[in-house]
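Student: this is a predicted model, with the sequence first.
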Amino acid sequence: MAKKLKIRDLTLRDGQQSSFATRMSQAQIDRCLPYYKDANFYAMEVWGGAVPDSVMRYLNENPWTRLESIHKAVGKVSKLTALSRGRNLFGYAPYTDEIIDGFCRNAIESGLGIMRIFDALNDVDNVKSTIKYVKQYGGIADCAVCYTVDPKYPEPSFFARLMGKKKPQPVFTDAYFVDKAEQMAALGADMITIKDMSGLIPPRRVATLVKLLKQKLSIPVDFHTHCTPGYGLASVLSAIMAGADVVDTNCWYFSEGTGAPALEFIYVFCKKLGIDLGVNMEAVAKINVELREIRKELNLSVFNKEKPEPKPFNPLTDKLPAEIDALFDAAIEAVKKDDEEGAIAACRKIEAYFGFPAPNELVQKAEIPGGMYSNMVAQLQQLKSEEILPRAMELIPTVRLAAGLPPLVTPTSQIVGAQAVNCALDEKAGRAMYTNKSAQFVGLVKGEYGKTPVKIDPEFRFKICGVREEQPYDMSKYKMQPNPELPEAGGLKLAENEKEVLLLELFPLVAKKFLTDQKVKAYEASKPAEPVAAEKPELEAKPQAVVTGNPVTAPLPGRILEVLVKVGDKVVEGQDVVVLEAMKMENSITTEFSGEVKAIFVQPGDTVPTDAVLVDIAD
């Protein structure tokens, strides 16, 4: 067990994303930064994940400005960290080396110190380019092995057993994870993170993995987890006592529940263990004063309600009741004795005393990420089909195995979850499973996301994609996003510099709206005031959905990404006519009719409800 432990603070990225829908404004972050400069964290995760998308989409702020502002305030005291999905960066499709190069260079020039790189399939080939460019531009390449578990397969039927069918053999063994880490270390990784995005790793398993990685590798090992199923705090304690070099935590008011464990708990444990964190806890207390107020502001502005907050706690000034202090000792002793249940029980009692959320038993039993579950619930609520949730949950192992058993992390968790919902809806409607499938699920099965942990049955691939052989993403077909001039902004380009071009590539629809709004606003502000406001030309009204032929309707609510036909086109039954984004998945909407396109009632960017008429096809 090391006598020093480094802390990566997640509060300003994963913390706010897990608990407050990534809605912290720059002004709110600025209130905390003077104290962060004094806190002396090893690293601060401030960027990546949902931050760049959310700050444009909901706050009308520039993601690059956020990174640069934090770096200006904190300087070199703490290394700034971002989360990146390897070749997918922040998106859902692979990018060219040119884009990855530009992204890494600009991020590091803007103040990024560590890039945490992971791949949703644990396909090491997909992290090669990012490792290369991060190191080339002076950053630290932190490569994450995504922790996941084998699904709980249904028991084979009596007939299936007679035919010799057995449950699939385990895939996600200790040897599997160690092998992935060794491969990434060989590529130049500067550190390895055990990334437990679902909080599913129990104390004994993480201790085993940390010890194995410390034996096999000469680079630091970090542990990242969440508290959703109730293992988080005990597992971090176990990782520390097994020799982890770095652990990820959140400050008090943004911790626990769906987030990472509280730094304050880790401080108490480490003080008892004689481990130095190197963190200025007086500065952390000042951060928490601000976070408590920001928490209230976010609860009211985002959720429109005041969610319960934990009891205040400052480990420097507050004396623990004897029975709670004894629980910290009991948890340490339990880990020493390899008493997993005892460690978990003691940690849960500590969390309960301070008023943190109880474990989510459904997520624990289903062994899926909390975000994946909430996405499925939201999708079914929109469809008014909540009653099929149990069946959709039952289908997850089947869908996941058919698709090559991908780890359940963004984006594969959303892809598998959305497809399980689609399959349950197909069943409900009397259709064959996989009648409705997202473009992302097709891409996953085809091989566009990389190599899956288990080989996909060629006949299943043919059923889903129309091809039997694996087909990697063809980079030669990559097309940059259009970058037009904006007449309404005085003829300025939509993206005027490399950073804006990168935003447009990574977040096409969101960045287009954000950049357009920013440039139009600046242009209007630069013009001299007019004595009389000029009349704005009336916008051309959209055609009303008066259908005289055969309607093509939206099977689920979402946003129009692309209209693939125009009025007058001849179409045939089964032809794709519209691409609809729903729950972050792209769904190709086909026509059930052959004929001529008589009217189109939507355009890219429109939000439509279920059963909205999209296109009218004349016989």
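Tutor: Yep, that arrived. Residues are numbered from 1 along each chain as shown.

Student: Val579 should be in a helix, yeah?
Tutor: No. Counting by DSSP: H, G, I helix; E, B strand; the rest coil, Val579 is not part of a helix but strand.

Student: pretty sure Glu45 contacts Asp248?
Tutor: Yes. Using Cβ atoms under 8 Å, Glu45 makes contact with Asp248 at a distance of 7.5 Å. Placement of C-beta: from N, CA and C, glycine included.

Student: where do the contact lists of those two overlap?
Tutor: With contacts defined as Cβ atoms under 8 Å, 6 or more residues apart in numbering, the residues shared by Glu45 and Asp248 are Arg8, Asp9, Leu10, Asp14.

Student: the last one reaches Ser255, doesn't it?
Tutor: Think Asp14. No. Between Asp14 and Ser255 there is no contact under Cβ under 8 Å: 10.5 Å.

Student: now the end-to-end length of stretch 463-470.
Tutor: 13 Å (Cα to Cα, to the nearest Å).

Student: what's in contact with it?
Tutor: By Cβ under 8 Å, 6+ apart, stretch 463-470 touches 434, 437, 441-442, 445-447, 451, 456, 458-459, 461-462, 471.

Student: of the shared contacts of Glu45 and Asp248, closest to Asp179?
Tutor: Arg8 (24.7 Å; Cβ to Cβ).

Student: could I get the contacting residues of the closest one?
Tutor: Phe41, Tyr42, Ala43, Met44, Glu45, Thr81, Asp222, His224, Val246, Val247, Asp248, Thr249.

Student: quick check, central residue of this structure?
Tutor: In the chain, the C-alpha nearest the mean C-alpha coordinate belongs to Thr410, at 4.6 Å (Cα atoms, centre = their mean).

Student: now do the contacts for that residue.
Tutor: Neighbour list for Thr410: Arg85, Ala120, Met197, Gly371 [criterion: Cβ under 8 Å, 6+ apart].

Student: ok so it is a helix residue?
Tutor: No. Thr410 is assigned coil when assessed by three-state DSSP, not a helix.

Student: ramachandran angles for it?
Tutor: phi -60, psi 130 (degrees, to the nearest 10).

Student: roughly how far apart are it and Gly48?
Tutor: 11 Å (Cβ to Cβ, to the nearest Å).

Student: do the same with Pro551
Tutor: 42 Å.

Student: who's more crowded, these two?
Tutor: More crowded of Pro551 and Gly48, by other Cβ atoms under 10 Å: Gly48, with 24 against 19.

Student: I'd say the more buried one and Arg116 touch.
Tutor: Yes. When contacts are counted by Cβ under 8 Å, Gly48 is listed as touching Arg116 (7.4 Å).

Student: find residues that contact each of the two.
Tutor: What both Gly48 and Arg116 touch, as defined by Cβ under 8 Å, 6+ apart, is the set Thr81, Ala82, Leu83, Ser84.

Student: and the last one, what are its bridge partners?
Tutor: Taking DSSP bridges, one finds Ile117 as the beta-bridge partners of Ser84.

Student: do I have it right that it meets Met115?
Tutor: Yes. Using Cβ under 8 Å, Ser84 makes contact with Met115 at a distance of 5.5 Å.

Student: what sits in contact with each of these two?
Tutor: Thr130.

Student: ok, which stretches of the stretch 201-350 of the chain are strands?
Tutor: 221-224, 246-249 (DSSP state E, counting those that start in this stretch).

Student: rebuild the ones you listed as TSV, extending it with mean neighbour count.
Tutor: Compiled in TSV, the strands of the stretch 201-350 of the chain are given as follows (neighbours: other Cβ atoms under 10 Å):
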stretch	mean neighbour count
strand 221-224	26
strand 246-249	26
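
Student: in TSV: these, plus distance to Lys570 and mean pLDDT.
Tutor: Converted to TSV, the strands of the stretch 201-350 of the chain look like this (distance: least, Cβ to Cβ, whole Å; pLDDT from 0 to 100):
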stretch	distance to Lys570	mean pLDDT
strand 221-224	53	98
strand 246-249	56	98
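
Student: any idea how far Asn106 is from Pro482?
Tutor: 21 Å.

Student: of the two, which one has the most company?
Tutor: Taking neighbours as other Cβ under 10 Å, Asn106 and Pro482 compare with Asn106 leading, 18 against 10.

Student: ok, the more buried one touching Leu502?
Tutor: Yes. Asn106 lies in contact with Leu502 (Cβ under 8 Å); the separation is 6.4 Å.

Student: quick one: name whatever helix or strand follows the helix or strand of the chain with the lowest mean pLDDT.
Tutor: Across the helices and strands of the chain, mean pLDDT, DSSP states H and E gives its lowest value to helix 158-162, namely a mean of 66. Next helix or strand after helix 158-162 toward the C-terminus (DSSP states H and E): helix 174-186.

Student: distance from stretch 212-219 to the middle of the chain?
Tutor: Distance, stretch centre to chain centre, for stretch 212-219: 27 Å (Cα atoms, centre = their mean, to the nearest Å).

Student: swap in stretch 314-334?
Tutor: Using Cα atoms, centre = their mean, the offset of stretch 314-334 from its chain centre is 34 Å.

Student: can you check stretch 111-128 too?
Tutor: How far stretch 111-128 lies from its chain's middle: 13 Å, per Cα atoms, centre = their mean.

Student: ditto for stretch 277-294
Tutor: 26 Å.

Student: may I see the buried residues of that stretch?
Tutor: Neighbour counts over stretch 277-294 (16 or more other Cβ atoms under 10 Å) mark 277, 279-281, 283-288, 290-292, 294 as buried.

Student: for stretch 35-42, same thing?
Tutor: In stretch 35-42, counting by 16+ other Cβ under 10 Å, buried: Tyr35, Tyr36, Ala39, Asn40, Phe41, Tyr42.

Student: what of stretch 500-517?
Tutor: 500-507, 509-512, 514-516.

Student: try stretch 214-229
Tutor: 214, 217, 219-229.

Student: just the helices in the stretch 351-500 of the chain please.
Tutor: 361-366, 370-382, 389-402, 412-428, 439-446, 458-465, 498-506 (DSSP state H, counting those that start in this stretch).

Student: and Lys513, what is it in contact with?
Tutor: Counted by Cβ under 8 Å, 6+ apart, Lys513 has contacts Met56, Gly605.

Student: ok so, going back, now do the residue nearest to the centre of the chain, the pLDDT please.
Tutor: pLDDT for Thr410: 78.

Student: what do you get for Pro472?
Tutor: Looking at Pro472, the pLDDT reads 90.

Student: ok, now which ones touch it?
Tutor: Gly447, Glu448, Gly450.

Student: quick one: Phe20 and Glu297 touch, right?
Tutor: No. Here Phe20 lies out of contact with Glu297, judged by Cβ under 8 Å, at a distance of 9.6 Å.

Student: those two: who's more crowded?
Tutor: Neighbour count, other Cβ under 10 Å: between Phe20 and Glu297, Phe20 has more, with 20 against 14.

Student: how near is that one to Gly259?
Tutor: The spacing between Phe20 and Gly259, counted by Cβ to Cβ, is 9 Å.

Student: residue ranges with poor pLDDT in the stretch 301-450 of the chain?
Tutor: Within the stretch 301-450 of the chain, not a single segment meets pLDDT under 70.

Student: which residue comes closest to Ala285 once chain neighbours are left out?
Tutor: Leaving aside its chain neighbours, Ala285 sits nearest to Asn314 (4.9 Å; criterion: Cβ to Cβ, 6 or more residues apart in numbering).

Student: can you tell me how far that neighbour sits from Cys270?
Tutor: Separation of Asn314 from Cys270 (Cβ to Cβ): 16 Å.

Student: repeat for Arg468
Tutor: The value you get for Arg468 to Cys270, if Cβ to Cβ is used, is 55 Å.

Student: quick one: which of those two has more around it?
Tutor: More crowded of Arg468 and Cys270, by other Cβ under 10 Å: Cys270, with 20 against 14.

Student: Pro312: neighbour count?
Tutor: Neighbours around Pro312, by other Cβ under 10 Å: 14.

Student: pLDDT below threshold where in the stretch 501-619 of the chain?
Tutor: Under the criterion pLDDT under 70, the flagged ranges of the stretch 501-619 of the chain are 529-545, 556, 582-586.
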